[in-house]
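> fold the stuff below for me.
(2 chains)
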Amino acid sequence: MSVMDIETVKPTEAQKKARRSRNIAIALALGAFVVLVYVVSIVKLGSAVLVRPL
Amino acid sequence: MTFLDKTVLDEAVLSEATAGDYLELLKPRVMSLVVFTAFVGMVAAPVTLNPFVAIVAILSIAIGAGASGALNMWYDADIDAVMSRTASRPVPAGRILPQQALAFGLVLSALSVMTLGVFVNWVAGAGLAFTIFFYAVVYTMWLKRWTPQNIVIGGAAGSFPPMIGWAAATGSISLESVILFLIIFLWTPPHFWALALFKSGDYARAGVPMMPNVAGEASTKRQIFAYSVVLAVVGVLPWVLDYAGAAYGVAAAALGLGFVWYAWAVLMMPADDRAMRPAKALFGYSLLYLFAIFAIYLADSVVERIVTGAAA
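Predicted coordinates:
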C-alpha cells in the first residue's frame, strides 16, 4: 500500500478557517502569558531575580 | 489515521468552532461586570498594588469568572437548548462539544487560580477557587434545577469578585469588602426575578424552578420589592459606616430610591399585563444601578485618596 492510499480526513474550508482562528488565539494567549510571567517576575523580584540560595 | 474511528475524528478534530465561540463560553458580558466590581474592590482597598500585579490580579479574576461560565455552559447545555435567550450558545448550537467546553473550563480554572495565588496572594487565589466552585457546582449543578432560591444563594458567586479584588490588594477580608459583597448579593434576586417575570415561559419549558413559576408572579413581585428596599438601605451603608463620603451617600440614596421606585412599579403591575414593561424597565435599571453605584464608590475612594495624599 502506497502512501497515497492511506485514508485521511480532509478538512473542509470552513474547518480549516476555524482551526486557523483557534491556532492564532492560542498563540496570542500563550505569548501574552509568557510576557506576563516575565514582567511579573521582574516586578516582584527585580534585580533579586538572580539571588537564590545555592 | 485509519486506526481511529472516522466519526470520532469528524467530531473531535474537525471542529468548526472559531476562537470567538470559545470566547463566548467565557460569558464576556458577565465577565465585564466581574472585572469592574473586582477592580473597584481592589482600588478601594487601603493597600496600593503595583500596577502590573494589579493587572495580573484583574486578568486572573476575569479568566476565572470566564472559566466558571464555560463550566456552566457545559453542564447546562440541555436546558440552554430550550430557552430562547440561550439556544444559540456554542454548546447547544453544536459548534463546541460538551467535553471541549468542560476541558476549556477546567484548564482555565486551574490556570487562573494558580496565577492569582502565585503572583498575587493565596487569600485571593482561594477566594477565586471557591467562587468558581460555588458557581459551577453549588449553583449550576445543585441549586439551579432544585429550588426557587437558586439565584438568591447562587448570587453569592457573582458577589465575591469585589472581595477577591480587595483580598488581592490586602491579603485579607474586611467589613468594607463584605458590604460590597452584600450590595451585589441583594441586587441579584430583583435583577434576575425581573428577567424571570417576562421570561417565565422559557424557564418553565426548561424545567428551571424560577420564583415566578414556583411561587407565582404576585409573590415574586412582593419579594422583588422587599429585596429592593433592603438593597437601597445597604447601598447607603458605606457612607453610614464612614467608608465613603457624603457624595457617595447622596448618590447611593438616590440610586436606591430609583430602584425601589422601579420595583414598586413592578409590584403594582396588573396580573393581566403580559407586555410587562415595568419588569423590563426594572431589569434595565438594575444593570445601570450596579454599574453606577460601584462607579461612584470607585470615584469616591479615588478622590479621597488624592485629597488625603495632598494633605499629607
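> from the contact counts, what lies against the helix or strand that contains residue B:131?
Counting by DSSP states H and E, the element that carries residue B:131 is helix B:122-133. Using 3 or more Cβ pairs under 8 Å, 6 or more residues apart in numbering or on different chains; DSSP states H and E, the elements in contact with helix B:122-133 are helix B:51-75, helix B:98-119, helix B:161-170. From N, CA and C alone the C-beta is placed, and that goes for glycine too.
> does chain A sit close to the last one?
No - applying Cβ under 8 Å from any Cβ of the partner chain, one finds helix B:161-170 separated from chain A by no less than 13.1 Å.
> and the angle for the helix or strand just after that helix with helix B:161-170?
Downstream of helix B:161-170, the next assigned helix or strand under DSSP H and E is helix B:175-198. In terms of direction (axes from the mean of the first three to the mean of the last three Cα atoms, to 10 degrees), helix B:175-198 departs from helix B:161-170 by 160 degrees.
> list the buried ones in helix B:175-198?
B:176-177, B:179-198 (16 or more other Cβ atoms under 10 Å in any protein chain shown).
> please apply the same query to stretch B:100-115.
Using 16+ other Cβ under 10 Å as the test for burial, stretch B:100-115 gives B:100-102, B:104-106, B:108-109, B:111-113, B:115.
> flag every buried residue along the helix holding residue B:131.
B:123-125, B:127-133.
> quick check: the residue of chain B nearest chain A.
residue B:19 (3.4 Å; Cβ to the nearest Cβ).
> interface residues of chain A facing chain B?
Counting by Cβ under 8 Å from any Cβ, chain A sits next to chain B at A:6-9, A:11-12, A:14-15, A:17-19, A:21-22, A:24-25, A:36, A:39-40, A:43-44.
> which members of the residues you listed are classed as buried?
Here, 16+ other Cβ under 10 Å leaves A:11, A:15, A:18-19, A:21-22, A:36, A:40, A:44 buried among the residues of chain A next to chain B.
> need phi/psi at residue B:271.
phi -60, psi -30 (degrees, to the nearest 10).
> what distance do you get for it to residue B:220?
Using Cβ to Cβ, to the nearest Å, we find residue B:271 at a distance of 12 Å from residue B:220.
> state the pLDDT value of residue B:1.
pLDDT recorded at residue B:1 is 46.
> can you check residue B:9 too?
Per the predicted model, pLDDT is 51 at residue B:9.
> residues touching whichever residue of chain A sits closest to chain B, list them.
Nearest to chain B, among the residues of chain A, is residue A:25, at 3.4 Å (Cβ to the nearest Cβ). By Cβ atoms under 8 Å, 6 or more residues apart in numbering or on different chains, the contact list for residue A:25 reads B:19, B:22-23.
> if anything else comes up later, I'll come back, but that's it for now.
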